[in-house]
Each structure stands twice: as C-alpha cells, then as structure tokens.
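**Q** sequence plus the predicted model coming up.
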Amino acid sequence: MDVLSVIGLIVGLGAVIGGNLIEGGHFDALMNGPAFFIVVGGTIGATLLQVPPAICRHAVRIIVRVFVPEKIHLEVQIKKLVSWSTLARKEGLLGLEALLDAEKDSFAKKGLQLLVDGSEPEIIRDCMEVELNAREQRDIQAARVFEAMGGYSPTIGIIGAVLGLIHVMKNLSDPALLGPGIATAFVATIYGVGLANLFFLPIANKLKAQTHALVQARELVIEGIISIADGENPRNIEAKLSGYLE
C-alpha cells in the first residue's frame, strides 16, 4: 500500500471541504448532481474519443498501482542475478535451466531462457530492450489517459457553469433565485478544477513515476543478464549493479 497516496487524497479533499466549512459554507453547497454528471460524463466522453480502446483498458487496469504499486526490490534482484552468475560459472549456462520453472518474473524469465538457449549478448539485449520499450510505452500511454482527463475536466467544468448561468438568466424576474442559482452554477467549475488537480493529474504523474522505477528495475535485469552472458566475475557484476541502488 502506498501510504502517501492515501494521505495525499485525504489531505487534498479535507483541505477543500474543511476550508469551505471554515468560511461558513455548507457541505450541501458542494453537492450538485447535474454539475457532477456534466463534468464527469463530459470528461470521460472526451477522453474516450481521444484514446484507443486498448489503452483505455490498460489505464483502468493499472490505476490500482496508485495505491498498491508493484513491489520493486533491487537488492533482492541483484542477489538473484549474482547467484545466477555464480551458478553459470560453476555449471555453465545450461545449469541455469533448472531455475526457469521457479522464476516468477516474466521479464527475468525471458532473459534466463535466452541465456540457457546460448544466445549472443547482443541478441539478448535486443530482445529484452524491445519488450522493455513496449511495456514502458504502454504504461506511459495509460498514464496520459489521466493526464488528458486532467486537461478536459476544467474546461468541461466551465461549460457546466455556463449552462447553469443560462438557466439562471431565465429567472431574472425573480431576484431571490439569482444568488443560489449562480452559486450552483459555479459548483461545476469547482468539480472540473478539483478533479483535475486533486485526482487526474496527480494520478498521471504517480503512474509515470512508477513506470520510471519499473523501467530502472528491468534495466538492472538486462545488465545482469548480459554480464552473465559475457562471463563476467560475479563480484564485478554485483559491483556494477549496485550502482542502481544509489
């Protein structure tokens, strides 16, 4: 669980709602069904129009990473690669074949399989970097879905406010309805700006940061696999990979 994400969500919402209450406002004043429907529905609609279906589905799948990110243990990964190197020096690359079934990380398993097959280091690097780049681009594009939503929602909020004001203008003959009507109209703007800056944009940036961390972890695996293929000393491999811990 990413505690900072939970704290950030609570603090952000608490600051807005609490500030409103301190100023003498009421919680009910921020609740408006039509405004919420306009902003959320309009934002989702515009985003679906922009983004391909496959990327939308992937964005829905990885949003859980904001609160439950993939575990990355670089120290454990380094120790594992060093142990592979030690085993390869003792028994040869074919000695690593017994480890294939036990390896749970599909990316590391692919590199291990290439090692066992006796592939050249350049071929191993090319194969693994192709997969690495594909995964990175897919995750970045998914993060940009929320970035797009953060760009659309404030504008949709303004549209909602204008629609509300149009409704208010129809009641100019009754001054008592103007104040509440205008206040309600601007709730849509609050929804649009609030969703963008408290949810969509932070989610996009958190996913991008986590993607960068995952890419670094996979780059470590690539360097370790290539070093084993080159027959480097396990101690040298450990010293090289420890640079990823800085």
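**A** Received, thanks. Numbering: from 1, shown residues only.
**Q** contact partners for residue 108?
**A** 77, 80, 221, 225 (Cβ atoms under 8 Å, 6 or more residues apart in numbering). Backbone N, C-alpha and C define where each C-beta goes, glycine included.
**Q** at 6 Å what do you get?
**A** By Cβ atoms under 6 Å, 6 or more residues apart in numbering, the contact list for residue 108 reads residue 221.
**Q** element containing it, please.
**A** helix 106-116 (DSSP states H and E).
**Q** right, and the helix or strand after that helix?
**A** Next along the chain from helix 106-116, counting by DSSP H and E, comes helix 121-169.
**Q** now the angle from the helix or strand of the chain with the lowest mean pLDDT to helix 121-169?
**A** Least confident helix or strand, the chain: helix 178-195 with a mean of 82, by mean pLDDT, DSSP states H and E. Counting by axes from the mean of the first three to the mean of the last three Cα atoms, to 10 degrees, helix 178-195 lies at 180 degrees to helix 121-169.
**Q** what's in contact with stretch 205-215?
**A** 65-66, 69, 72, 136, 139-140, 143.
**Q** in the helix holding residue 108, what counts as buried?
**A** 107-108, 110-116 (16 or more other Cβ atoms under 10 Å).
**Q** also stretch 233-246?
**A** Result for stretch 233-246 [16+ other Cβ under 10 Å]: buried residues 234, 237-238, 241, 244.
**Q** likewise stretch 142-155?
**A** For stretch 142-155, by 16+ other Cβ under 10 Å, it's 142-154.
**Q** domains for the chain, by residue range?
**A** The record's domain parsing of the chain by automatic domain parsing lists 1-31, 33-246.
**Q** sticking with the nearest residue to residue 241 once chain neighbours are set aside, tell me its helix or strand.
**A** Closest residue to residue 241 apart from its sequence neighbours, by Cβ to Cβ, 6 or more residues apart in numbering: residue 78 at 4.7 Å. Using DSSP H and E, residue 78 maps to helix 74-91.
**Q** now that helix: mean pLDDT?
**A** Here helix 74-91 scores 92 as its mean pLDDT.
**Q** and for that helix, what's in contact with it?
**A** By Cβ under 6 Å, 6+ apart, the residues outside helix 74-91 that reach it are 95-96, 224, 228, 234, 237-238, 241, 244-245.
**Q** from the middle of its chain, how far away would it be?
**A** Distance, stretch centre to chain centre, for helix 74-91: 30 Å (Cα atoms, centre = their mean, to the nearest Å).
**Q** so for it, what gets flagged as buried?
**A** Those would be 77-78, 80-82, 84-85, 87-88, for helix 74-91 by 16+ other Cβ under 10 Å.
**Q** check stretch 131-143 too.
**A** 132, 139-143.
**Q** so which residue is dead centre in the protein?
**A** residue 207 (1.8 Å; Cα atoms, centre = their mean).
**Q** could you check the pLDDT of it?
**A** pLDDT recorded at residue 207 is 95.
**Q** going forward can the numbers begin at 356, since that is how I track them
**A** Yep, numbering from 356; the last one is residue 562 now.
**Q** for the host helix or strand of it, buried residues please.
**A** Using DSSP H and E, residue 562 maps to helix 556-584. Neighbour-count burial for helix 556-584, with 16+ other Cβ under 10 Å as criterion, is recorded at 556-559, 561-563, 565-566, 569-570, 572-573, 575-584.
**Q** contacting residues around stretch 580-592?
**A** 437, 439-441, 443, 466, 470, 476, 479-480.
**Q** apply 7 Å and report the result again.
**A** With Cβ atoms under 7 Å, 6 or more residues apart in numbering as the test, stretch 580-592 has contacts from 436-437, 439-441, 443-444, 466, 470, 476, 479-480, 483, 579, 595.
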